[in-house]
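Novice: below are the sequence and a predicted model for it; my questions follow.
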Amino acid sequence: MGLPKNEIMTVEQMDAMNYEILDNSRLYSKDTDNSEKVSMSVNAITQQLIDAPMKKISLNDYNTVRAVTVEYMKSCSRTGIIPSKTGLSRALGITRAAADAFIKRNPGSDTARFLSMAFDAFAEMLSANSLAGSVHPIVSIFLQKALYGYRDNEPLTIAEEPEERVNIDGIMERWKFLPD
């Protein structure tokens, strides 16, 4: 899809690009029900972006940040989704990167401490719901690593190769002794 630099795509070009992605990607399920679920979530987030407040928020305004965070969490509770760093950032009218940068630049501020506590709580909610089976555990682990800084603390150990290599005849021989 060769477009001249800095040219906006037409709707038809966007659709063609997205169908090509769908056809060649292993990320997306070919199941129609899942396609509809993706469409619903995209529509909901699109509407949030359309409705995004045009006024700017000052992250130094602790009271406003706190009030928006509480309203965001109440909305998550009403709709049955786990609060996220990305969702709260969007509710505040900023990007996730802007929230992270603010916390990094202003670690001692009330707002940075509050946002850090909120993000930790979001990670904890994700863990608890993963353990309860409310969310997909593998996706939960990925999100915690990608968004909340979780990491594996166990060093990887490489098992030594067994001295005796099993061949197909050995496997077939063992197969005979398995119960029916």
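Specialist: Arrived safely.
Novice: which element is the spatially most central residue of the chain on?
Specialist: Centroid-nearest residue in the chain, with CA atoms, centre = their mean: Leu143, separated by 4.7 Å. Assessed by DSSP states H and E, Leu143 sits inside helix 137-148.
Novice: what helices or strands is the very next helix or strand once past that helix leaning on?
Specialist: Using DSSP H and E, the helix or strand that follows helix 137-148 in sequence is helix 168-176. On a contact count with 3 or more CB pairs under 8 Å, 6 or more residues apart in numbering; DSSP states H and E, helix 168-176 meets no helix or strand. Every C-beta, even on glycine, is put in place using the N, C-alpha and C of the backbone.
Novice: thought Leu126 was touching the residue nearest to the centre of the chain, still the case?
Specialist: Yes. Using CB atoms under 8 Å, Leu143 is in contact with Leu126, at 6.3 Å.
Novice: how many neighbours does Thr46 have?
Specialist: For Thr46, the neighbour count with other CB atoms under 10 Å is 10.
Novice: now do Ile158, the pLDDT please.
Specialist: If you check Ile158, the pLDDT there is 76.
Novice: kindly report the same for Ala118.
Specialist: Listed pLDDT for Ala118 reads 95.
Novice: neighbours of it, how many?
Specialist: 20.
Novice: ok, Tyr148 next?
Specialist: The tally of other residues near Tyr148 (other CB under 10 Å) stands at 17.
Novice: just Phe114 next, same as before
Specialist: Per other CB under 10 Å, the neighbour tally for Phe114 reads 15.
Novice: can you verify my assumption that it contacts Thr69?
Specialist: Yes. Proximity of Phe114 to Thr69 meets the contact threshold set by CB under 8 Å, at 7.3 Å.
Novice: helices along this structure, start to end?
Specialist: Using DSSP state H, the helices of the chain run over 11-24, 32-50, 62-79, 85-92, 96-105, 110-132, 137-148, 168-176.
Novice: comparing those, which comes out most buried?
Specialist: Most buried of those, by mean neighbour count (mean count of other CB atoms under 10 Å): helix 85-92, with a mean of 19.
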